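In: could you work out the structure for the sequence below:
(one chain, ligands or ions: 1)
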Amino acid sequence: MLQDLVKQCTPLPPNAKLLVLGGGFSGQHVAALAKRLGSNVICSRRKKDKPGANVVFDSATKQTPAPTALKEITHLISCIPPEANGEDPVISLLSKQLHDMPLQWVGYLSTTGVYGDHKGNWVTEADLPRPQQLRSKRRLSCEQAWQASGLPVQILRLPGIYGPGRSALEAINKGKSKMIDKPGQVFSRIHVDDIAGAIFHLIKLASTGIKPKIINVADNQPSTNVEVLEYAASLLGSSLPPIQPFEIASKEMSPMALSFWEENRRVSNQMLCKKLGYPLLHPNYQVGLRDCLNQRNQSSSYSSFVDFE
Ligand SMILES: NC(=O)c1ccc[n+]([C@@H]2O[C@H](COP(=O)([O-])OP(=O)(O)OC[C@H]3O[C@@H](n4cnc5c(N)ncnc54)[C@H](OP(=O)(O)O)[C@@H]3O)[C@@H](O)[C@H]2O)c1
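Out: Predicted structure coming up:
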C-alpha cells in the first residue's frame with residue numbers, strides 16, 4: 001500500500017519539483033506517493049478534466065504545457081508510450097523546454113520487451129536488447145532518444161504492471177481469465193507500488209552520484225499465467241475455466257495476445273534490489289495480489305486511480 005511506501009521513501013528536497021508526464025496507472029501512483037511524502041508534484045494528462053491533470057500534454061493534438069508551468073521542474077518521470085512511428089512524444093515536442101528546466105534527474109519508463117526472447121532464461125541489464133516485436137523496436141528507439149538527449153536520464157525497464165484495480169483479480173471477476181498452459185513459459189511482473197518506490201529510491205541514490213543508466217524493475221518471482229490465476233481465484237473463492245493447451249488457445253488469440261506468448265524470459269532485479277538496495281514491497285505475486293484484494297475490500301468504490309486530488 002502507498003502508506004507502507006511512505007515509510008520507506010525519502011521525500012524530494014524542499015526546493016525540488018517533480019513533473020509526471022503521463023498520469024495514467026503508474027504515473028498517478030508516482031504522483032500520489034510524491035504528494036503523500038509532501039513533495040511538490042505536477043502531472044500531465046491528455047485532457048484537463050481527467051483525474052490528477054494539472055497540465056495538458058497530448059502529442060496527437062500537439063498541446064503542450066505553458067513554459068511557465070514547467071520552469072521550476074527539477075525531477076521528471078515520463079510514463080508515455082512511443083508514437084506509432086517510433087518517436088518519443090516527449091523528446092519530439094518538449095525537448096527545448098526540458099533543456100530549459102533545472103533538471104537534476106529524469107526517468108523514462110520503458111519495457112523489458114526490448115530484451116526479446118531468451119527462451120525462459122534470466123535477463124539482466126548487461127544483456128544487449130534484441131527486440132522482436134515492432135512495439136519493442138519502437139520502445140528501444142525511444143530509449144535511445146532519451147539517452148542521446150543530454151539530460152540526466154535513467155531508463156527503468158518494466159515487465160507486466162499490475163496493482164489495485166488492474167490485476168488477475170479483475171480478470172477473474174470480469175470472466176476474462178484464460179488458463180493457458182505453455183510448458184516452460186513464464187512472465188515477469190511488477191506491482192505499481194514498487195514502480196513508485198523504485199523511482200524515489202533511484203532519485204535518492206542519484207543525488208549521491210549512484211546512477212546506473214538502465215535498471216530492471218521487476219519482482220523476484222517470474223511465474224506462469226496459470227499459477228497467478230489459481231492464486232487469485234483462491235483469494236476470491238472463485239472457480240476458473242479448465243486449463244487449455246497453448247496450441248489450442250493460440251488459435252483464438254489476437255495477434256497482440258499471441259505476441260506476448262512468443263517471448264519467454266525471467267527478468268532479473270539483482271541490480272535494483274541487491275546492488276542498489278531497493279526493498280520490494282511486493283516481492284512476488286502472492287504478496288501483491290493480497291494487497292490488491294485488501295485495497296479493494298477497504299474501498300467498495302475503489303477505482304484504478306489512487307487518491308490524487
Ligand atoms: N501496462 C504494462 O503492463 C506495461 C509494462 C511495461 C511497460 N509499460 C509502459 O510503462 C509506461 C507506464 O505504463 P502504464 O500502464 O502506467 O501506462 P498508462 O496507464 O497507459 O498511462 C500512459 C500515460 O501516457 C499518456 N499518453 C498516452 N499517449 C500519449 C500521447 N500521445 N501524448 C501525451 N500523453 C500520452 C496517457 O494519457 P492519459 O492519462 O490522458 O490517458 C497516460 O497518462 C507506459 O509507457 C507503458 O507503455 C507498461
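In: for the ligand, see how far away residue 250 is.
Out: According to Cβ to the nearest ligand atom, to the nearest Å, residue 250 and the ligand sit 20 Å apart. No exception for glycine: its C-beta is placed from N, CA and C like everyone else's.
In: could you pull up phi and psi at that residue?
Out: Residue 250 adopts backbone torsions of phi -60, psi -20, taken as degrees, to the nearest 10.
In: and for residue 105?
Out: Per degrees, to the nearest 10, the backbone of residue 105 is at phi -150, psi 140.
In: quick check: it touching residue 152?
Out: Yes - applying Cβ atoms under 8 Å as the test, residue 105 and residue 152 come out as touching, 5.8 Å apart.
In: neighbour-wise, which of the two wins?
Out: The residue with more neighbours, out of residue 105 and residue 152, is residue 105; 23 against 14, by other Cβ atoms under 10 Å.
In: circling back to that earlier point, between residue 105 and residue 152, which contacts overlap?
Out: The contact sets of residue 105 and residue 152 overlap at residue 206 (Cβ atoms under 8 Å, 6 or more residues apart in numbering).
In: I'd like to know how many residues surround the residue of the chain found nearest the ligand.
Out: Here the chain gets closest to the ligand at one residue, residue 24, 2.0 Å apart by Cβ to the nearest ligand atom. Residues contacting residue 24 under the criterion other Cβ under 10 Å number 19.
In: cool, the one 4 residues further on as well?
Out: Around residue 28 there are 25 other residues, counting by other Cβ under 10 Å.
In: just the element for it, please.
Out: Using DSSP states H and E, residue 28 sits in helix 25-36.
In: check contacts around the closest residue to residue 119 other than its chain neighbours.
Out: The shortest distance from residue 119 to any residue other than its chain neighbours is 5.9 Å, reached at residue 264 (Cβ to Cβ, 6 or more residues apart in numbering). Neighbouring residues of residue 264 by Cβ under 8 Å, 6+ apart: 117, 118, 119, 120, 184, 185, 186.
In: list the contacts of the closest residue to the first one other than its chain neighbours.
Out: Computed as Cβ to Cβ, 6+ apart, the closest residue to residue 117 that is not its neighbour in sequence is residue 263, at 4.3 Å. With contact taken as Cβ under 8 Å, 6+ apart, residue 263 is in contact with 113, 116, 117, 118, 132, 133.
In: repeat that with 10 Å
Out: Listed by Cβ atoms under 10 Å, 6 or more residues apart in numbering, the contact partners of residue 263 are 112-113, 115-120, 131-133, 136, 185, 187.
In: farthest-apart pair in the residues you listed, please.
Out: 131 and 185 (18.8 Å; Cβ to Cβ).
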